[in-house]
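Trainee: need a 3D model of the following:
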Amino acid sequence: MGARVTRAFRNFNLDNRAEREISKVKPSAAPMHPTTKTVILEELRRHPEIEEIVKRKDDKLLTLLKEVYVDSKDPVSHMRVKDASIPHSKELRLLKGNHFNLMASQNIPKGKISVVEVLTLLNNHKCFPETWTAEKIAQEYCLELRDVKSLLTFFVAFDVKSFPANNRKNAISSK
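Mentor: Below you'll find the predicted structure:
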């Protein structure tokens, strides 16, 4: 139903619209410089056969043109540009745990960590600090020890605290 309506609007008054577009004044080529025009006219007066040669269709050239096959490739750049600020690691690792999301990248470069993994390791470190030490986390997730120590020191996950129903008024009034 919708296609019929749109087709009707698209084809409405099509002939008149096409005629209007065709009858519009087309842009003309830029005018030649006066000295160029005089030089061309002078050469044509001296050699009138040039005009015939230019306007003549050469069958030999047309057949040669039809046989031309162009295969082009981009030139290889001689200088390799490397961004020194971002080290690119070729070694990849898979995500830890069972949070394999097909939409997210499953191959993470060594030395990097996903947000889900950060939250997981922070939770593990918070619940079991003796087991999940900075050294074990660095080894488990292929990270540097100084990065893990600063992560554990400065990165804090949110804590959700729920108040019992009878203490809500006391919690709000204490602010």
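Trainee: going forward, measure contacts between C-alpha atoms and count neighbours the same way
Mentor: Fine.
Trainee: which strands or helices does the helix or strand where residue 60 lies pack on?
Mentor: Assigned by DSSP states H and E, residue 60 belongs to helix 59-66. Packing contacts for helix 59-66, counted by 3 or more Cα pairs under 8 Å, 6 or more residues apart in numbering; DSSP states H and E, involve no helix or strand.
Trainee: that helix - what's its average pLDDT?
Mentor: Mean per-residue pLDDT for helix 59-66: 89.
Trainee: what do you get for stretch 153-169?
Mentor: 73.
Trainee: check the offset of it from the chain's centre.
Mentor: 41 Å (Cα atoms, centre = their mean, to the nearest Å).
Trainee: and what of stretch 36-52?
Mentor: With Cα atoms, centre = their mean, you get 53 Å for stretch 36-52.
Trainee: for the remainder of this discussion, apply numbering that starts at 10.
Mentor: Got it, first residue is 10 now, which makes that one stretch 45-61.
Trainee: ok, residue 128 - contacts?
Mentor: residue 166 (Cα atoms under 8 Å, 6 or more residues apart in numbering).
Trainee: rerun at 10 Å
Mentor: 134, 164-167 (Cα atoms under 10 Å, 6 or more residues apart in numbering).
Trainee: domain parsing for this protein?
Mentor: 40-71, 101-163 (the TED database).
Trainee: ends of the first one, what's the gap?
Mentor: So the one you mean is domain 40-71. End-to-end distance for domain 40-71, by Cα to Cα, to the nearest Å: 31 Å.
Trainee: the bottom helix or strand of the chain by mean pLDDT?
Mentor: strand 101-103 (a mean of 53; mean pLDDT, DSSP states H and E).
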